[in-house]
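Colleague: need the 3D shape of this:
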Amino acid sequence: MPAIASPKGAAISLLSKEKRDCFGKHPPRKDDLTLFLDRIHKQIIMGIKIRIILFALGLLVCAYGFIFAEENPDVLTLDRCFSLAAKVSDDLMIQGERQAQARQRVKEYKGNILPAVGYNFVKTDMDSAGGRYPVDYNDSYFSVNQPLFYGLRDFQAYRQAKNQVTTEGYVYENVERDLRSQTANAFYSLVLVNADIDNLRSSEKILENRITELTERVRLGKSRDSEILMVQSQIAGLKAQEESDNGLRANAVEDLAFLTGLQPSSISVKDDMPAVNSLEPIEVYLNSGKRRSDIEAAESDVVSEKYSLDIANGARLPTLNLLAYWYTHRDTAYPGSNWDTFITLNFPLFQGGSLNAKIVEETSRLKEYDHRLSLVTRQTISEIRKLYQQAISSIKQSVAYQDAYDKAAKSCKMQLQDYRYGLVSNLAALESISSMLDAKRNLDRALIQAKVDKILLEIAASKQ
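Modeller: A predicted model of the protein is given here:
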């Protein structure tokens, strides 16, 4: 019968096999085993060092990437500006807190409907009147106070508080819409001034090329030095205008930085909105604007004021209240009695006319809110109509300026050719260049204004 190897023997045999694999056929000596362990130790230390180096390099790469991102920021689009502005807007945060406060008021008024439970301990010390009365009394008891009927005022106040939460939500949307309008204006103000600066630099480059041509003509005796000075004067005027636009750009950058929470030095914008060629019918914007948040908020104010009027009317009705005590210790009246209950009924008979005055006041205030709702609705419709007409006008202007620019560019090209043949003066050629550059600037402004007007129209109609 074959012998069965023990687990210990198998382990020794396996270890011997590994050593033979590491050191060859001959069994390892003590020095060889020490060298083997030193090699393993060095490999472990080397592995740890490599991991530490890789980790440090990773941190350096992340830090460099962060610094590079700060110095070379992503280009801001309008949608990203909207997102950034919503995150850092203090006005939105303030309104968010008001929403939270309104939700807590709902809990507060709900608690007024529910019973109030408390525990009381009363210790009374008094004169014994010559030993005829005890010197001190101790009472301890639980109390329950439950309003049974308060003219439904508590329920109306609870409903009013819930409605106020809805109102604060609409006000939040109003603040958000105003923020989007401000952000769109700030964004396109920067886009516009950037376009103006680009046009000025293009104009300077065209005129500098003109100077190169005139210099050659002066050398050949075909032009005069005064013609070069005339062009140089125009370039100087353009540089002065560019410096003025740089100041406007700094202000526009500051406005956008304030709204987005970014550093002014990191702001670079890109207008990715296509050119606006047409709009939807005005009825689409009007129908959308009829459910705008400020109209909804005005309607919610009317509902809240109706609750206030109901509360004022409820003050005329009687009130019914339940009060109960359960005594754990009782020394005063009725010792040994463990509980008391009281039901109180109160009829308001005469309050000096204050109840009627309050009702008349709330009735008048309800009419005020009705008029305010009508006013907000009419103002919203008027605002949308004005923005729509303004956007239509901007679109038509851009079409007209495009035609003007095309013709001015063609005229400029012909004037420069005629100048080379001596058919027109240098002054006429410069005027044609100036007309073309002005047409280009007006075209860019009209295209940008059409985009601004459309965005503001969509925001006003709650389509953005």
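
Colleague: from here on, just use CA atoms for contacts and neighbour counts.
Modeller: Fine.

Colleague: hmm, who's touching stretch 81-97?
Modeller: Applying CA atoms under 8 Å, 6 or more residues apart in numbering, the external contacts of stretch 81-97 come out as 168, 171-172, 175-176, 179-180, 183, 187, 259-261.

Colleague: let's see 6 Å
Modeller: With CA atoms under 6 Å, 6 or more residues apart in numbering as the contact definition, stretch 81-97 has outside contacts at 172, 259-260.

Colleague: how far does it sit from its chain's centre?
Modeller: Taking CA atoms, centre = their mean, to the nearest Å, one finds the center of stretch 81-97 at 3 Å from the center of the full chain.

Colleague: flag every buried residue along that stretch.
Modeller: 81-82, 84-86, 89, 92, 95-96 (16 or more other CA atoms under 10 Å).

Colleague: could you do stretch 300-320 as well?
Modeller: 300-317, 319-320.

Colleague: before we move on, the earlier item: can you list the contacts of stretch 81-97 in a markdown table and add secondary structure and pLDDT?
Modeller: Putting these into a markdown table (DSSP: H, G, I helix; E, B strand; the rest coil; pLDDT from 0 to 100) gives the following:
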| residue | secondary structure | pLDDT |
| --- | --- | --- |
| 172 | helix | 95 |
| 259 | helix | 95 |
| 260 | helix | 94 |
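
Colleague: got those as CSV, with neighbour count and distance to residue 292 columns?
Modeller: As requested, these are arranged in CSV below (neighbours: other CA atoms under 10 Å; distance: CA to CA, whole Å):
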residue, neighbour count, distance to residue 292
172, 23, 12
259, 23, 23
260, 22, 25
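
Colleague: could you look up the SS state of residue 186?
Modeller: helix (DSSP: H, G, I helix; E, B strand; the rest coil).

Colleague: ok, the residue nearest to it when sequence neighbours are not counted - how many residues close by?
Modeller: Spatial nearest neighbour of residue 186, chain neighbours left out: residue 256 (5.5 Å); criterion: CA to CA, 6 or more residues apart in numbering. Other residues within reach of residue 256, judged by other CA atoms under 10 Å, total 26.

Colleague: likewise residue 223?
Modeller: Residues near residue 223, counting by other CA under 10 Å: 18.

Colleague: what about the closest residue to it other than its chain neighbours, how many neighbours?
Modeller: In this structure, residue 223 finds its nearest non-sequential neighbour in residue 217, 5.3 Å apart by CA to CA, 6+ apart. Residue 217 is flanked by 15 other residues according to other CA under 10 Å.

Colleague: how near is residue 217 to residue 427?
Modeller: Distance of residue 217 to residue 427, computed by CA to CA, to the nearest Å: 15 Å.

Colleague: and if you look at residue 443?
Modeller: Residue 443 is 24 Å from residue 427, by CA to CA.

Colleague: which of the two has more neighbours?
Modeller: residue 443 (21 against 13).

Colleague: what's the helix or strand for the residue nearest the centre of the chain?
Modeller: Residue closest to the mean C-alpha point of the chain, counted by CA atoms, centre = their mean, is residue 86 at 0.7 Å. Using DSSP states H and E, residue 86 maps to helix 78-88.

Colleague: next SSE after that helix?
Modeller: Note on helix 78-88: by DSSP H and E, the next helix or strand toward the C-terminus is helix 90-113.

Colleague: tell me what the next helix-or-strand element following that following helix is packed against?
Modeller: Note on helix 90-113: by DSSP H and E, the next helix or strand toward the C-terminus is strand 116-125. The contact analysis (3 or more CA pairs under 6 Å, 6 or more residues apart in numbering; DSSP states H and E) places strand 116-125 against strand 136-149.

Colleague: which residue is the nearest non-sequential neighbour of residue 181?
Modeller: Closest to residue 181 by CA to CA, 6+ apart is residue 456, at 6.2 Å.

Colleague: check which helix or strand covers the one you found.
Modeller: helix 426-460.

Colleague: ok, residue 54 to residue 151 distance?
Modeller: From residue 54 to residue 151 the distance is 76 Å (CA to CA).

Colleague: who's more crowded, these two?
Modeller: residue 151 (19 against 12).
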